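Enquirer: fold the stuff below for me.
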Amino acid sequence: MARGEALRGSVCAADHLGLDRLPVYLTPMAYLSITRIVGDVDALAGGYLETEPVMTSGGRDHGLLVHAAGRADDGLVVVNLWPSPHGSKRAARDTRRAGVIQQHGLRPEQFRREHFDTIRYVVF
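Expert: Residues are numbered from 1 along each chain as shown. Prediction:
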């Protein structure tokens, strides 16, 4: 498959998964970022909800494909899927992101980041 092409779920997938709608299997390279932000869960969640539109608009401007955030026992977990590492790196340098981090008084040691090249991602 060429980069950016998608393959609608196969008959095999529909038979074995019993899906009402078939998944789209995307095999072009993508880049997965998982960030844990350690701190008071309620304060972090409130701050996230307050400033999420700013952060996701920055992500969108740099090619963000998927964004999700959730509460963890020790803070928040943020998952982003990018078409490449370049968009993630550009977003990390975006002044809007820096402003939000500064606004919430977050410190570098609160962030635990992991990055992965994807094998595949599936959209339902």
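Enquirer: who's in contact with the residue nearest the centre of the chain?
Expert: Against the mean C-alpha coordinate of the chain, by CA atoms, centre = their mean, the closest residue is Asn80 at 1.1 Å. Taking CB atoms under 8 Å, 6 or more residues apart in numbering as the contact definition, Asn80 lies against 32-33, 35, 59, 64, 66-67, 88. Any C-beta I mention is one placed from the backbone N, CA and C, and that applies to glycine too.
Enquirer: buried residues in stretch 77-93?
Expert: Within stretch 77-93, the residues that count as buried by 16 or more other CB atoms under 10 Å are 78, 80-83, 87-88, 90-91.
Enquirer: SS state for the residue nearest to the centre of the chain?
Expert: Judged by DSSP: H, G, I helix; E, B strand; the rest coil, the three-state class of Asn80 is strand.
Enquirer: from Pro23, how far off is the closest residue to it other than its chain neighbours?
Expert: For Asn80, ignoring the flanking residues on the chain, the nearest one in space by CB to CB, 6 or more residues apart in numbering is Ser33 at 4.5 Å. Using CB to CB, to the nearest Å, Ser33 is found at 22 Å from Pro23.
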